[in-house]
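# The following block contains a protein sequence and its predicted model.
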Amino acid sequence: MLNNLNTFTNWIKEQAIPFWSIQGLDEHGASYEKFTVDGLPDITANRRVRVQTRQMFVFSAAYKTGWLKNGMQLVAGLEQYINQFARNNENHHYVHLLDCNHQIINSHQDLYDVAFLLLAYGWRYHVFNDLNSLNAANELLTQIDYRLKEYPGGWCEGDYSSDFRRQNPHMHLFEAFLTLYKFTHNGKWLAKAGEMYCLFETRFLDHQNGVLLEYFTDDWQPALCEKGKIIEPGHMMEWVWLLRQYQKYTQAPVDSICDTLYHNTIKLGLDNSGELLVDEINIESKETNGKKRCWPMTEWLKASLEQARVKGSKDYNYLADADKAAAGLMKHFIRKPEQGRYIDQLDTNNTVINHTAPASTLYHLVMAALEVVEHQKELMHAS
């Protein structure tokens, strides 16, 4: 039973981590943005700074789990890269985007980027006892509270004007705050996570339809255009997993909403094959373009394992769903398991429409593998 989960986790350990920790890094020790269908790094692609911080998490976690021996050196190389090329020295923050020659082309501070920088700091502190990272996390929180905090709750998208406010960067801040609390036991981080939980309950969640909305006005009302009707199954599953983490620390009463989000995602988000989650749905028309990306499958895997941990499988077989999600990943997105790469996106017929392997997706894949490892530990402990 659950053979697909084991196959997936072995692939992460034996193929993905070796590939991205060796071929995935350039002469500066920085992560390439993506690999092409030919298995070559796309050296013409712009570089998002958040990719570098996501890889900091990946290599820290892989070292902690025993999948990588030189994690500290790899993380140090990534930090040296962003310090050399991605600092906005005028405003003392990391920028958003570099070009392929490592020149700054977008110097803004972006909230989504901040979330992954905080996540990386938390893991670096945990794995390497890196007190500098913990200090940097505290300073970064103070900075965004001063620069980006916005009425009536949450933060701006960044130090720039934007047409919408989104739940997505706040979801990842929730993840980072929970991570920092888990590893430091400092109640400040749990309090910040509580702010995000409040936003989720009062703004992000469409209680009437039992779904998660994505795009909002400045005062957190659903966007008036079509974007205000968009839901993303991958994010709904991601919130199920995050809410279960929050529940561990606070005993928050999240059972009902986790069940609702999970089963509405299955109801609305499964494609015709029943194997994959679609990217987006219009909650009003229930229409979708049928496209499917790799990362939502990892969130389904994580959510199903957490639901199984809390609920068991008496009324619904969440473990079977976890194995189904792993099977979908291996069949459709990791089509050549002897390689460490994957496929980004399929169309409605499951034909590949984006052959590239974005480095940013590895964060999702590794998070899912960590959840499988944790599940296996709990099984061993129970026996």
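Happy to help now that I have it.

# Now for S133: which residues touch it?
A120, Y121, G122, R124, Y125 (Cβ atoms under 8 Å, 6 or more residues apart in numbering). For glycine as for every other residue, the C-beta is placed from the backbone atoms N, C-alpha and C.

# my guess is the third one meets L140, correct?
No. Here G122 lies out of contact with L140, judged by Cβ atoms under 8 Å, at a distance of 11.1 Å.

# which one of those two has more residues nearby?
G122 (26 against 18; other Cβ atoms under 10 Å).

# State the helix or strand in which that one lies.
helix 111-128 (DSSP states H and E).

# Can you name the next helix or strand after that helix?
helix 131-147.

# What pLDDT is listed against S383?
Per-residue confidence for S383 comes out at a pLDDT of 68.

# go on, L379?
Confidence per residue is given as pLDDT, and for L379 that number is 84.

# on that earlier part again, mind putting the contacts of S133 in CSV, pLDDT and distance to V211 included?
CSV is the format used below for the contacts of S133 (pLDDT from 0 to 100; distance: Cβ to Cβ, whole Å):
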residue, pLDDT, distance to V211
A120, 98, 30
Y121, 98, 32
G122, 98, 29
R124, 98, 35
Y125, 98, 35
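
# Could you single out the nearest of these to G340?
Of all those, A120 has the smallest distance to G340: 21.0 Å, by Cβ to Cβ.

# what about the helices in the chain?
For the chain, applying DSSP state H gives helices covering 3-11, 17-22, 49-65, 71-85, 111-128, 131-147, 167-184, 187-199, 233-250, 255-269, 295-311, 318-328, 361-382.

# a markdown table for these, including distance to W155?
Compiled in a markdown table, the helices of the chain are given as follows (distance: least, Cβ to Cβ, whole Å):
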| stretch | distance to W155 |
| --- | --- |
| helix 3-11 | 34 |
| helix 17-22 | 30 |
| helix 49-65 | 16 |
| helix 71-85 | 21 |
| helix 111-128 | 5 |
| helix 131-147 | 6 |
| helix 167-184 | 7 |
| helix 187-199 | 10 |
| helix 233-250 | 17 |
| helix 255-269 | 23 |
| helix 295-311 | 23 |
| helix 318-328 | 31 |
| helix 361-382 | 21 |
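
# Export the contacts of S133 to a markdown table and append columns for distance to D159.
Putting those into a markdown table (distance: Cβ to Cβ, whole Å) gives the following:
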| residue | distance to D159 |
| --- | --- |
| A120 | 20 |
| Y121 | 20 |
| G122 | 23 |
| R124 | 25 |
| Y125 | 26 |
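
# Tell me which residues touch L243, please.
Contact partners of L243, counting by Cβ under 8 Å, 6+ apart, are Y197, F200, A252, V254, I257, C258.

# quick one: low-confidence ranges for the chain?
Low-confidence regions of the chain, defined here as pLDDT under 70, cover residues 1, 383.

# 90 instead?
Judged against pLDDT under 90, the low-scoring parts of the chain cover residues 1-2, 89, 312-314, 378-383.

# Find the centremost residue of it, please.
Against the mean C-alpha coordinate of the chain, by Cα atoms, centre = their mean, the closest residue is H364 at 5.2 Å.

# List the buried residues for stretch 280-297?
Within stretch 280-297, the residues scored as buried using 16 or more other Cβ atoms under 10 Å are E280, I281, I283, T288, G290, K292, R293, C294, W295, P296, M297.

# Look up phi and psi at the first one.
To tie it back to what came earlier, the one meant is E280. The phi and psi torsions at E280 (degrees, to the nearest 10) take the values phi -140, psi 150.

# hmm, back to that, so the residue nearest to the centre of the chain sits against E299, correct?
Yes. Using Cβ under 8 Å, H364 and E299 qualify as a contacting pair, with a distance of 7.1 Å.
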